[in-house]
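# here is the input, now give the coordinates:
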Amino acid sequence: MNTTMKITLLAATACLLPVTASADDFGYGAKTGFYTVSQSGFDPAWMISGHVSHDLPKMMEKFDFSLELEASTTITEGDVDLDAPAGSSGEYDATVFSLSAVGRTTGDLYGIGRLGFSDTEIEVGASGSGLQSVSGKTEKTGVVFGGGVGMDLGGFPTEFELNIYTVGDENAYYLTGGVAY
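Model prediction:
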């Protein structure tokens, strides 16, 4: 993600936060799960994420809304089948930054919905028998949307989500489990 995009995301988040916000309006969370790209040949990679959130004023009795700024990165490399000569192999890493509006139903068992913007960078490296090592990088700004379920386990909110990121003409999928405070 280029510096301009990072600054824009941070500035947009800051502008959306009310000046009178208290520390109770902010939250944080972490999650982990499998990340993969819809393009043929990409196997899942293990990814971790962290987010900060700001609760928006209560608009509806049975729903809570927040803005979330999230950073994610793969911690294992995913394998890529290159359809190249025998003995060739490839691996990829991914990094994602997103800004999303998130809605959660109220209660101990709750639904989650997400819609926002994301900047995804996928870097692929390949090598093979008799071939030079090559690498390539794709960075695209797109949309993120998804949903899931959560449960409050005695003050320990646990959530499971599937988020979909548009990356050019492809989609990336992130199936997660985590906590949000």
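
# report how many residues lie close to the residue lying closest to V80 once chain neighbours are set aside.
Computed as CB to CB, 6 or more residues apart in numbering, the closest residue to V80 that is not its neighbour in sequence is G90, at 3.7 Å. The way it works is simple: take the backbone N, C-alpha and C, and place the C-beta from them, glycine included. Neighbour count of G90, defined by other CB atoms under 10 Å: 21.

# so which strand or helix has G90?
Taking DSSP states H and E as the criterion, G90 maps to strand 89-105.

# that strand: partners in the sheet, and parallel or antiparallel?
Here strand 89-105 has these sheet partners by DSSP bridges: strand 63-74 (antiparallel), strand 78-80 (antiparallel), strand 109-128 (antiparallel).

# please enumerate the helices of the protein.
With DSSP state H as the criterion, the chain has helices at 3-16.

# low-confidence ranges, it, go.
For the chain, the stretches with pLDDT under 70 are 1-23, 82-88, 127-134.

# what angle separates the top strand by length along the chain from strand 89-105?
Longest strand in the chain, counting residues (DSSP state E): strand 131-152. Note on geometry: by axes from the mean of the first three to the mean of the last three CA atoms, to 10 degrees, strand 131-152 and strand 89-105 are set 20 degrees apart in direction.
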